[in-house]
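next comes the sequence, and after it the predicted model I'd like to discuss.
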Amino acid sequence: MNIKTAISEGVNLLSNNLIKCPGLDSEILLAEVLNKKREFLILNLNEKIEEKNFRIYKDLIKQRSLGKPIAYLTKKKNFWNSEFKICEGVLIPRPDTEILIQETLKIFKNKESANILDIGVGSGCIILSILKEKPCFHGKGIDICTKSINLSTFNASKLGINNRVKFIKTDVDNFCFGKYDLIISNPPYIKSYEIKYLEKDVNCFEPRLALDGGLDGTLKILKIINKAHILLKVNGKLVLEIAYNQKNNVVDLLKKKGFYINKIIKDYAHNDRCIISTKIS
Ligand code: GLN
């Protein structure tokens, strides 16, 4: 068995199961098993693969053919400019969420120090990406899920910033500690009954807890806005990821709590994705 044949077997199985990018996925999985870069595979198509490695690869392809996301198979995902360890039970970081990092860095461009809170840390990708860019910032991350707290703690050490962040397992309602210059969150914002219509990869494999925003999708967002009103310093910023159709609803909720709306940013597909607001009183 050589690399070329292994990839084409992978492509066959994945395309028969209607997986969107069979070639790319097969290459990523084989590269992972061989502990090589994808470029190596392309340049060494005739190289032989050990039987043991081929079996491991076939097993990964089988799992991918059932819809399991690549990041759960490789146990890692690149986000902003770091590689994060990922595990099942924790949301996989999305490219659209990088918009929150980009905008936050713009707002805090000239600020030397800040205390930040990330609500619903998941893998820790948001708060850790910001802390890595801003070496004098520090903060806290909370999540209701133990797996997320453990994974974020691991990722903080991996990135060498564990001395500037503390992760706490708690519900947003029960957290009432500190005063922050920035509160940031990619909360669960999908309407409960719409989760079943998401892609199979998401619906069947990613944690419902990280997606489910209640009946109208804003249940958790409302809790975060209320808590941000208490925990933000005056002039502190709230940076929220939202669903493509939640802009008006969330703007109303923010205004009711006395927040000033600074900016609404669209994602790569031109959908409203991020709201930046300020606590003004
Ligand atoms: N903050 C994490 C992320 O954006 C987790 C978000 C969540 O679980 N809803 O990936």
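Cool, the structure landed.

any stretches of the stretch 1-150 of the chain with poor pLDDT?
Within the stretch 1-150 of the chain, not a single segment meets pLDDT under 70.

nearest residue to the closest residue to the ligand within it other than its sequence neighbours?
Scanning the stretch 1-150 of the chain for the residue nearest the ligand gives residue 122, at 2.4 Å (criterion: C-beta to the nearest ligand atom). In short, each C-beta sits where N, CA and C put it, glycine included. Once flanking residues are discounted, residue 122 sits nearest to residue 91: 4.5 Å by C-beta to C-beta, 6 or more residues apart in numbering.

now do residue 14
Using C-beta to C-beta, 6+ apart, the nearest residue to residue 14 is residue 22, at 3.6 Å.

where along the stretch 101-250 of the chain do the strands fall?
115-119, 138-143, 165-169, 180-185, 232-241 (DSSP state E, counting those that start in this stretch).

roughly how far apart are the residue lying closest to residue 237 once chain neighbours are set aside and the ligand?
Nearest residue to residue 237, sequence neighbours excluded (C-beta to C-beta, 6+ apart): residue 182, at 5.0 Å. Per C-beta to the nearest ligand atom, to the nearest Å, residue 182 is found 14 Å from the ligand.

and the protein, which of its residues are near the ligand?
91, 93, 97, 120-123, 125-126, 186-188, 210 (C-beta under 6 Å from any ligand atom).

among those, which one lies nearest to residue 38?
Comparing the residues of the chain next to the ligand against residue 38 with C-beta to C-beta places residue 93 closest, at 20.1 Å.

give the contact list for that closest one.
Residues counted as contacts of residue 93 (C-beta atoms under 8 Å, 6 or more residues apart in numbering) are 77, 79, 84, 86, 122-123, 125.

in PyMOL, how would I select just the buried ones from the residues of the chain next to the ligand?
Here is the PyMOL command that picks out the buried ones among the residues of the chain next to the ligand, judged by 16 or more other C-beta atoms under 10 Å:
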select buried, resi 91+93+97+120+121+122+123+125+126+186+187+188+210
